[in-house]
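K.L.:
I would like to see how this sequence folds:
(one chain, ligands or ions: 2)
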Amino acid sequence: MKAGFIGAGSMGSLLTGSFLRAGAFSPSDLTVATRTRSKAEALAERYPGLVVAPANILAAQDQELIFLCVKPLDYRSVLDDIRPALRPEQTIISITSPVTIAQLEAIVPCKVAKVIPSIVNEACLGASLFMFGSRLAAADREALMRLFSAISRPVEIPEQEVRAASDLSSCGPAFMACLLEQFIDAAASTGMDRQLATTLACEMLFGTAHILQSGFCSPEQLQKRVSVPGGITAAALEELRRATDGAFLRVLQTTHEKFAEDLRKVERSLRP
Ligand SMILES: NC(=O)C1=CN([C@@H]2O[C@H](COP(=O)(O)OP(=O)(O)OC[C@H]3O[C@@H](n4cnc5c(N)ncnc54)[C@H](OP(=O)(O)O)[C@@H]3O)[C@@H](O)[C@H]2O)C=CC1
Ligand SMILES: O=C(O)[C@@H]1CCC=N1
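P.N.:
Ligands and ions are numbered 1, 2, ... in the order given. Below you'll find the model as predicted:
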C-alpha cells in the first residue's frame with residue numbers, strides 16, 4: 001500500500017516512523033511533503049528509501065492513503081494544493097479535531113477518515129480515535145483500523161465527542177506528564193536523585209495504567225486498596241483532592257473553549 005504524508009512536524013514524523021518501525025509500510029511505500037523540506041529529508045535519512053516530494057501535490061498523486069498532518073488553519077492551502085490530484089478511490093486521513101468530516105467531504109472528491117493519534121503511539125501504545133466519512137465502505141474502514149492497530153488501539157468514536165475523547169487520549173499524555181513532573185520535582189526536593197525519582201515515577205504510572213486497564217480494579221478501588229486505614233496515603237490523598245478539586249473540569253472547559261474558537265476559525269478559512 002502506498003501512502004503520502006503532508007506535514008512532517010511532530011505527528012507526521014511520529015506516524016511515519018511508528019508505521020515503518022512496526023513494519024506496516026516499507027520506506028519506499030511512503031512519500032512525504034512538508035513546508036520545511038529538511039524535516040522530510042531527516043526522515044529519509046533515518047529511513048532510507050522513503051521518498052521526499054518537493055510539492056504537496058506530488059505526495060497526494062497516485063497514493064492510496066493521504067495523511068494530512070498539518071495544523072487546522074493550514075488545511076485550506078494544503079487542500080488547494082492537492083485537490084487537482086485527488087481521485088474518488090483515494091482516502092484522506094485527517095488527524096486534527098477541528099476540521100470536520102463534512103467540511104472535508106464538501107471540498108475533496110475522495111473518501112475521508114478522521115483519525116486522531118496520540119504521542120504514545122510512538123511506543124505502539126495508546127488509542128487512535130476513529131471517525132469515518134460517508135464514502136468509506138466497510139472494507140475500507142476495516143483496512144484502516146487494521147493499519148492503525150500496528151501502532152495503537154483503534155477506537156471508533158462519534159465525531160461530536162472528539163474533543164473530550166482527544167483530551168483524554170491525545171492531550172492526556174501532556175496533562176499526565178505535567179502532574180508527573182511536579183511529583184518528581186517534589187521527590188527531588190527531598191534530596192532524592194532526580195533520575196531515580198523519574199524511573200520510579202514512570203514505573204509507577206505504567207503499572208497503574210496496566211492494573212486499571214486489566215480491569216483488576218477501578219480507580220476508586222485502587223485508591224482504597226493503597227490507603228491503609230490510618231496510614232500515610234489516606235492522609236496525603238485528602239490533601240491531593242483538596243489541591244486538585246475541579247482541576248480537570250477547568251482543564252476540559254479550557255480545551256472546549258479553545259476548540260470552539262478553532263472551529264469558528266476553520267469554518268471561516270474553508271469557506272469557498
Ligand atoms: N502533537 C500531538 O500530540 C497531536 C497533534 N494532532 C494534530 O496533528 C496536527 C499536526 O500537529 P503537530 O505535528 O504537533 O504540529 P507541527 O507544527 O509539529 O507540524 C505541522 C507540520 O505541518 C507543516 N506544514 C504547515 N503548513 C504546510 C503546508 N502548507 N504544506 C506542507 N506542510 C505544511 C509544518 O511545516 P513547518 O515544519 O515548516 O512548520 C509542520 O512540519 C495538528 O492538526 C494537531 O491538531 C493530533 C493528535 C496529537
Ligand atoms: O494541542 C493540540 O492542539 C493537539 C490536539 C491534540 C493534542 N495536541
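K.L.:
element containing Phe259, please.
P.N.:
Take DSSP states H and E as the rule and Phe259 turns out to sit in helix 247-270.
K.L.:
what residues does that helix touch?
P.N.:
72-73, 75-76, 79, 97-100, 103, 107, 163-164, 167, 171, 175 (C-beta atoms under 8 Å, 6 or more residues apart in numbering). Just so you know, the C-beta spots here come from the backbone N, C-alpha and C atoms, and that holds for glycine as well.
K.L.:
and for stretch 174-188?
P.N.:
Taking contacts as C-beta under 8 Å, 6+ apart, the residues outside stretch 174-188 that touch it are Ile119, Arg194, Ala197, Thr198, Leu200, Ala201, Cys202, Leu205, Val251.
K.L.:
could you rerun that using 7 Å?
P.N.:
Residues outside stretch 174-188 that contact it (C-beta atoms under 7 Å, 6 or more residues apart in numbering): Arg194, Ala197, Thr198, Ala201, Leu205, Val251.
K.L.:
what's the most distant pair in those residues?
P.N.:
Farthest apart among those by C-beta to C-beta are Arg194 and Val251. That separation is 26.2 Å.
K.L.:
could you check which of the two has the larger neighbour count?
P.N.:
Between Arg194 and Val251, counting by other C-beta atoms under 10 Å, Val251 is the more crowded of the two (15 against 12).
K.L.:
which parts of the stretch 1-150 of the chain are strands?
P.N.:
According to DSSP state E, counting those that start in this stretch, the stretch 1-150 of the chain carries its strands in the segments 3-6, 30-33, 51-52, 65-68, 91-94, 111-116, 127-132.
K.L.:
ok, the helix holding Phe259 near ligand 2 or not?
P.N.:
No - against ligand 2, helix 247-270 shows no contacts by C-beta under 6 Å from any ligand atom, the least distance being 7.9 Å.
K.L.:
list the buried ones in that helix?
P.N.:
By 16 or more other C-beta atoms under 10 Å, the buried positions in helix 247-270 come out as Leu252, Thr255, Phe259, Asp262, Leu263, Val266, Leu270.
K.L.:
please apply the same query to stretch 24-41.
P.N.:
Ala24, Phe25, Asp29, Leu30, Thr31, Val32, Ala33, Thr34, Lys39, Ala40.
K.L.:
any idea how far it is from the chain center?
P.N.:
19 Å (C-alpha atoms, centre = their mean, to the nearest Å).
K.L.:
nearest to ligand 1, of the buried residues of stretch 24-41?
P.N.:
Closest to ligand 1 out of those is Thr34 (4.3 Å), distances taken as C-beta to the nearest ligand atom.
K.L.:
state the distance from that closest one to ligand 2.
P.N.:
Distance of Thr34 to ligand 2, given as C-beta to the nearest ligand atom, to the nearest Å: 18 Å.
K.L.:
which ones are touching that residue?
P.N.:
Counting by C-beta under 7 Å, 6+ apart, Thr34 touches Ile6, Gly7, Ala8, Gly12, Ala40.
K.L.:
may I see the buried residues of stretch 152-172?
P.N.:
Going by 16+ other C-beta under 10 Å, stretch 152-172 has these buried residues: 152, 154, 157, 162-163, 165-172.
K.L.:
could you list which of those belong to helices?
P.N.:
Val162, Arg163, Ala165, Ser166, Gly172 (DSSP state H).
K.L.:
that'll do, ta.
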